[in-house]
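1. Structure for this input, please:
(one chain, ligands or ions: 2)
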Amino acid sequence: MAPATEKRMTGVIAATFTPLTSEGEINLSVIGPYIDYLIEKQGVKIIFVNGTTGESMSLTVAERKALAEDWCHKAKGKMDQVVVHVGCMSLRDAQELARHASEIKADGIAVISPSFFKPCTAADLRAFLREVASAAPTVPFYYYHIPSITGVNVPVRDVLIDIEEIIPTFRGVKFSGSDLMDFGQCVSMGHTHWSAVYGVDEQLLAGLAMGANGVVGSTYNYVGSHVNKLLTAFENGDQLQARTIQFKLQELICFAIKIGFDLGMNKQLASEVSGLSLGPPRLPLIPCPQDRVASVVQKYRSLFQNC
Ligand SMILES: CC(=O)N[C@H](C=O)[C@@H](O)[C@H](O)[C@H](O)CO
Ligand SMILES: CC(=O)C(=O)O
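-> Residues are numbered from 1 along each chain as shown. Ligands and ions are numbered 1, 2, ... in the order given. Down below sits the predicted model:
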């Protein structure tokens with residue numbers, strides 16, 4: 001059983017971008033103001049760092065450690081939780097990051113499946129996750145499912161069967177897939193000390209309907225306050241209001257997709273809205289052309305400003 005003091009992942013969780021300088025170095029000076037911005041302007045109290053949005057797979061292990069440490073240190077006493085993604089292609093790197101996350105007192109770790117050589121079965125994936133988790137035996141552990149990026153389509157329900165027998169620290173799933181039956185099965189197989197957080201921002205309301213405890217995503221860096229209202233409306237049974245906000249977010253994402261939505265655009269949009277200097281993405285991703293940034297920012301303002 002989980003210790004009584006352990007916190008669950010709930011509410012609106014921002015998957016943070018990794019601030020880079022214009023020369024492409026990690027820029028730790030932005031992290032303090034970034035945390036304050038998320039708390040004050042977006043009402044976000046839990047952050048998920050070094051994930052997909054954080055370009056973790058494009059960073060070195062040393063950079064990921066420096067970032068994780070800074071996020072945890074600066075969020076202390078401000079954020080409710082910092083969950084650090086430690087997944088890597090190499091099991092040894094993932095274990096090193098898991099151990100490090102434990103040392104810096106991260107509130108949880110999450111692990112993505114390796115995606116160059118992929119696990120073929122749920123058993124293979126479970127074996128990988130167990131080895132990473134065992135490097136941080138006191139830290140709450142989450143499996144991070146993102147099949148559109150990893151190409152690993154093992155149903156999460158198969159990963160979860162009796163998983164605490166092999167990973168005693170297992171505490172839930174960050175589910176960034178669109179298979180809502182599988183997500184529903186994760187919720188229904190879950191325990192009261194687990195969290196099922198949903199990660200497809202454009203259909204988060206469907207995730208809530210399936211029983212998500214929280215939502216995690218990149219767009220909550222700049223629509224977090226609106227999505228907080230969506231969650232409240234959902235809890236109050238106000239489906240109309242919840243859908244109104246969801247549809248606005250869909251409109252923004254649809255618009256962005258039409259002009260070429262990628263992490264470069266997303267990061268630049270977050271910079272423009274927040275006023276933080278998040279910098280460019282790292283190659284192979286490239287910065288978004290200024291005219292496209294301007295039009296997505298304009299769309300954002302027309303949908304979300306002054307309401
Ligand atoms: C594939 C991807 O990056 N997924 C993110 C997190 O899981 C989401 O937050 C998306 O960025 C978001 O749903 C917009 O498509
Ligand atoms: C979106 C998300 O959860 C991530 O960036 O890892």
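
2. can you map out the helices along this protein?
-> Taking DSSP state H as the criterion, the chain carries its helices at 31-42, 61-75, 91-103, 122-133, 147-150, 156-160, 180-189, 204-210, 220-235, 239-259, 263-274, 290-304.

3. Mind putting those into CSV with distance to ligand 2?
-> Glycine gets a C-beta too; all of them are placed from N, C-alpha and C. What follows is these, written out as CSV (distance: least, Cβ to the nearest ligand atom, whole Å):
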stretch, distance to ligand 2
helix 31-42, 14
helix 61-75, 13
helix 91-103, 14
helix 122-133, 16
helix 147-150, 9
helix 156-160, 15
helix 180-189, 14
helix 204-210, 11
helix 220-235, 9
helix 239-259, 13
helix 263-274, 9
helix 290-304, 18
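
4. Next, format those helices as TSV and append distance to residue 115 and mean neighbour count.
-> Below are the helices of the chain laid out as TSV (distance: least, Cβ to Cβ, whole Å; neighbours: other Cβ atoms under 10 Å):
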stretch	distance to residue 115	mean neighbour count
helix 31-42	27	18
helix 61-75	17	20
helix 91-103	13	19
helix 122-133	11	18
helix 147-150	4	16
helix 156-160	15	20
helix 180-189	18	18
helix 204-210	23	21
helix 220-235	24	21
helix 239-259	23	16
helix 263-274	16	21
helix 290-304	28	15
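
5. Residue 134: what's it in contact with?
-> residue 95 (Cβ atoms under 8 Å, 6 or more residues apart in numbering).

6. same thing but at 6 Å, please
-> Applying Cβ atoms under 6 Å, 6 or more residues apart in numbering, we find residue 134 in contact with no residue.

7. Which residue does the chain have closest to ligand 2?
-> Going by Cβ to the nearest ligand atom, ligand 2 is nearest to residue 51 of the chain, at 2.4 Å.

8. So for that residue, what's the nearest residue that isn't a sequence neighbour?
-> Distance criterion Cβ to Cβ, 6 or more residues apart in numbering; nearest residue to residue 51, sequence neighbours excluded, is residue 85 at 4.3 Å.

9. and if you look at residue 105?
-> Leaving aside its chain neighbours, residue 105 sits nearest to residue 72 (6.3 Å; criterion: Cβ to Cβ, 6+ apart).

10. Enumerate every residue touching that neighbour.
-> Residues in contact with residue 72, defined by Cβ under 6 Å, 6+ apart, are 82, 104, 106.

11. which residues are in contact with stretch 232-248?
-> So stretch 232-248 is in contact with 205, 208, 226, 230, 303, going by Cβ under 6 Å, 6+ apart.

12. which two from the residues you listed end up farthest apart in space?
-> The span of the contacts of stretch 232-248, defined through Cβ to Cβ, is set by 208 and 303 at 20.3 Å.

13. How far does stretch 63-72 sit from its chain's centre?
-> 16 Å (Cα atoms, centre = their mean, to the nearest Å).

14. Same question for stretch 279-286.
-> 19 Å.

15. For whichever residue of the stretch 1-150 of the chain sits closest to ligand 1, grab phi and psi.
-> Of all residues in the stretch 1-150 of the chain, residue 52 sits closest to ligand 1, with a separation of 4.4 Å (Cβ to the nearest ligand atom). Backbone torsions of residue 52, given as degrees, to the nearest 10, read phi -70, psi -50.

16. Give me the pLDDT for it.
-> You'll see residue 52 listed with a pLDDT of 98.

17. again with the one 3 residues further on
-> Looking at residue 55, its pLDDT stands at 98.

18. Neighbours of the nearest residue to it once chain neighbours are set aside, how many?
-> What sits nearest to residue 55 in space, not counting adjacent residues and going by Cβ to Cβ, 6+ apart, is residue 18, at 5.2 Å. Neighbour count for residue 18, taken as other Cβ atoms under 10 Å: 26.

19. Quick check, residue 42 in contact with residue 225.
-> Yes - Residue 42 is within contact range of residue 225, at 5.1 Å (criterion: Cβ atoms under 6 Å).
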